[in-house]
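Chemist: show me how the following folds:
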Amino acid sequence: MSRAAEVLVALCGGAWDSDAADKSLEALALRNKAKIELSNNNLSQAELFLTQAIELRPTGGTHITFKDRSIARLALGNHSGALEDAAQALALNPLYPEVYICQGDAFLAMSQFDSAHKSYLTALHIDPSIRRSKSFKGTPVATFKCPSLTTMYCLFWDSN
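Modeler: Just a heads-up that it's a prediction; the model follows:
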């Protein structure tokens with residue numbers, strides 16, 4: 001396990017520090033537990049595990065943990081918390097398209113349609129292949145009925 005921690009820290013650009021490595025591995029284990037809880041729809045427990053992982057301040061992967069917690073918080077109805085987590089993830093990795101999808105989902109839940117549109121378009125701009133991905137197809141975009149936007153915008157989303 002110590003060697004795995006050393007490799008993890010080296011890959012994430014840090015200097016070898018056994019405490020940092022242990023924290024990074026613990027955070028990864030918590031994130032994996034959270035994914036199981038998310039898949040079992042135990043959203044509060046998933047959010048707790050993800051919060052604990054973030055609090056450990058691991059050497060890397062924190063943007064993924066914030067993204068995952070954004071998903072959990074959105075499912076719990078905590079729209080502003082989901083949006084804050086998406087912003088934190090984007091601050092750490094502004095080229096992570098899945099976070100823009102999370103951000104768009106949070107904006108959509110808050111009826112901020114123009115902001116949701118911008119977030120989804122940014123995800124597509126960063127990675128056009130995401131349009132065919134399971135994570136993008138699973139977004140509310142597929143069923144979004146565009147109550148306040150132009151017909152052209154609605155046709156764009158409905159054609160996907």
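
Chemist: which stretches of the chain have low pLDDT?
Modeler: The model of the chain has pLDDT under 70 over residues 1-17, 134-160.

Chemist: in the chain, where's the longest helix?
Modeler: Counting residues, the longest helix in the chain under DSSP state H turns out to be helix 18-39.

Chemist: just checking, what packs against that helix?
Modeler: Contacts defined by 3 or more Cβ pairs under 8 Å, 6 or more residues apart in numbering; DSSP states H and E place helix 18-39 against helix 2-11, helix 43-55, helix 62-75. To be clear about C-beta, it is placed using only N, CA and C from the backbone, and glycine gets the same treatment.

Chemist: contact partners for the spatially most central residue of the chain?
Modeler: Centroid-nearest residue in the chain, with Cα atoms, centre = their mean: Lys67, separated by 2.1 Å. Residues in contact with Lys67, defined by Cβ atoms under 8 Å, 6 or more residues apart in numbering, are 85-86, 89, 96, 98-99, 102.

Chemist: tell me which of the residues you listed is nearest to Ala20?
Modeler: Set against Ala20, the nearest of the contacts of Lys67 by Cβ to Cβ is Ala89 (20.6 Å).

Chemist: roughly how far does that closest one sit from Arg132?
Modeler: Taking Cβ to Cβ, to the nearest Å as the measure, Ala89 falls 23 Å from Arg132.

Chemist: and the two? which has more neighbours close in?
Modeler: The residue with more neighbours, out of Ala89 and Arg132 and counting by other Cβ atoms under 10 Å, is Ala89; that gives 25 against 9.

Chemist: next, count neighbours for the closest residue to the more buried one other than its chain neighbours.
Modeler: What sits nearest to Ala89 in space, not counting adjacent residues and going by Cβ to Cβ, 6 or more residues apart in numbering, is Phe66, at 3.8 Å. Residues within reach of Phe66, counting by other Cβ under 10 Å, total 26.
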